[in-house]
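*Asks:* Got a predicted structure plus its sequence, pasted below:
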Amino acid sequence: MDHFQARTLSLGSPVAAERELRRMGVDPGGIQRLLPKMSSHCIQIPRLQCRQANILKQEMLALGGDAAVARGSVACSIEASDAILMGTEKQLRQLCTRLARQPFGLPSLGEELSTLLDRIATPAFFWRTSRRELPLTRPLIMGILNITPDSFSDGGRYLDPARAVERAEQMIAEGADIIDIGGESTRPGAPAISAQEEIDRVVPVISAIAKSSSIPLSVDSWKGEVARQAMDAGAEIINDISGLGFDPSLAQVAATSKAGLVLMHTRGTPDGMQRDTEYGDLLAEVMQGLRHSTETALSAGVERELICLDPGIGFAKSAQGNLELLRRLREFQSLGLPLLVGTSRKSFIGAAIGREVHDRLFGTAATVALAVSHGASILRVHDVAAMRDVADMARAIVEG
C-alpha cells in the first residue's frame, strides 16, 4: 500500500500561508490568487429575519461555503435566527457583492461584512497618542505603576513619589513601552476616592517621570478632571476602566487633549462588579459594550486612530468567563481597533493554578503568550522584564 503522508496545515496568518506557498515554488502571481482560498472564516450574525437567514444560506451554498441557521428557519416557523457563515475570504467577499442585489436590508449587511473582512485582513499597524504614533509591529508592554495604598498586588509600595519614579525607571530599563499610572485601586470591592485625592497622588509622579524620560505615560482613571490634569502634567494616554460609562466629562477631555484612549468593558463599579458576572452570551455582550463605548468616543470627537479596546478581564467576569475571553480573543479583531489585555497576577489565574497573588508569574506568562498569539497588541503587566521576553517569544513563534 502506498503512503502519501498527507497532513493538515496550521497556517495561522496570511504571512504564514504566503511563506508556505513560496517554499513550494508557487508562481508569485498565483500566490495572491490562492491566499484568500487558504483561510476559512466563521462569522456570526445574530437575530436575522428567517427570510434573511434563508437567503444567506442559499447564497453561501451556491458559492461553495455554508451557513448554519436555526431549526425552523427554512419554514419561517420561528421569530428569528442567528446565522454562522462559513467560508473562505474569497467566498465571503463574493457574498458581499451578491447581497447588494438582494432585498430585506441585505445590501447593508453586505457592506458591514465587507468592512469586517477588511479589518480582519489588515489589523491596526499603529496606535496614536497625543504626542506620537506607537507602532504595533511588536507587542507593547504597559508597565503598571500603582500609587495606591490598597491595590491587590502592590498596594502601598509606591506611595512615595520618589519611590514611584524609581520604579518607573526600573520598568523602562526592563523594556516597558508605556507606564500606566493609577491613583485609585480598581480591584474587586475597592471603595472610590475623590478626584482631588487621586490628583494629589498621580500628578506629581507623572510630572516627575515626564521630566526625566520620554516614555509614553498613561493615566489609569475614569474621572475627567483627573485625566485633564494628568495630561497637563505630561501623560498622553487615558486608560478608562469604565469605557466612558462613569464620568460623562471624560469623553470631552479625551477629545480635546487628543489622548490615546483605552476603553475597557466592565459592568458596575469596582465595589460591586463581582456580584454581576452572569452573561447570556459573554462575547456578544462584551463586544456590544465595547462598540457602544467606541461610538460614544467618536461622537464626542475622539479620532478612531486614538482608540484602543480592552475586554476587561477580571472586571465583572467569573473565572471561567475570563478564560473564555482569552480563548476567543481573536474575535475582537472584528472591531478593527488595537487590543489591550491585562491579566497580570489576577485572581482567575490563582483559581486555575492554586497560587497566591505574588506567586503567579508563570500563570501570567501563559496568559500573555496566548494573548499575543490571539491578536493582543498591548499587554498591561507588573513583571515587565519577564513579560517582555514572553511577548517577544510568542510573537516570534506566531509570525516567524
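*Replies:* The structure has been received and is ready for your questions.
*Asks:* quick one: contacts for residue 334?
*Replies:* The contact partners of residue 334, taken as Cβ atoms under 8 Å, 6 or more residues apart in numbering, are 116, 119-120, 287. Glycine gets a C-beta too; all of them are placed from N, C-alpha and C.
*Asks:* What's the separation between residue 350 and residue 341?
*Replies:* 18 Å (Cβ to Cβ, to the nearest Å).
*Asks:* let me fix that: residue 202
*Replies:* 23 Å.
*Asks:* Model confidence at residue 26, what's the number?
*Replies:* For residue 26, the model assigns a pLDDT of 82.
*Asks:* neighbour count winner among residue 350 and residue 341?
*Replies:* residue 341 (29 against 16; other Cβ atoms under 10 Å).
*Asks:* Please name the residues that touch the more buried one.
*Replies:* Counted by Cβ under 8 Å, 6+ apart, residue 341 has contacts 310-311, 313, 326, 329, 367-368, 371, 376, 378-380.
*Asks:* Quick check: bridge partners of it?
*Replies:* residue 379 (DSSP bridges).
*Asks:* Contacts for stretch 60-72 next, please.
*Replies:* By Cβ under 8 Å, 6+ apart, stretch 60-72 touches 48, 50, 53-54, 56-57, 78, 81-88, 91-92, 94-95, 98.
*Asks:* make it 10 Å
*Replies:* Applying Cβ atoms under 10 Å, 6 or more residues apart in numbering, the contact partners of stretch 60-72 are 37, 40-45, 48, 50, 52-59, 73, 77-88, 90-95, 98.
*Asks:* buried subset of the residues you listed?
*Replies:* 43, 45, 48, 50, 52-57, 59, 73, 81-83, 85-88, 90-95, 98 (16 or more other Cβ atoms under 10 Å).
*Asks:* of the contacts of residue 334, the lowest pLDDT goes to which?
*Replies:* Lowest confidence among those: residue 120, with 88.
*Asks:* and it, which of the three is it?
*Replies:* When classified by DSSP: H, G, I helix; E, B strand; the rest coil, residue 120 comes out as helix.
*Asks:* before we move on, what about residue 87?
*Replies:* Assignment for residue 87 (three-state DSSP): strand.
*Asks:* is it true that it touches residue 93?
*Replies:* Yes. Using Cβ atoms under 10 Å, residue 87 is in contact with residue 93, at 9.5 Å.
*Asks:* thinking again about what came up before, tabulate the contacts of residue 334 (CSV), appending distance to residue 170.
*Replies:* Below are the contacts of residue 334 laid out as CSV (distance: Cβ to Cβ, whole Å):
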residue, distance to residue 170
116, 42
119, 37
120, 38
287, 36
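*Asks:* Show the buried residues in the residues you listed.
*Replies:* Applying 16+ other Cβ under 10 Å to the contacts of residue 334 flags 116, 120, 287 as buried.
*Asks:* any idea which element the first one lies in?
*Replies:* Going back to what we said before, that points to residue 116. Assigned by DSSP states H and E, residue 116 belongs to helix 106-121.
*Asks:* Which strands or helices does that helix pack on?
*Replies:* Judged by 3 or more Cβ pairs under 10 Å, 6 or more residues apart in numbering; DSSP states H and E, helix 106-121 is in contact with strand 40-48, helix 50-62, helix 89-99.
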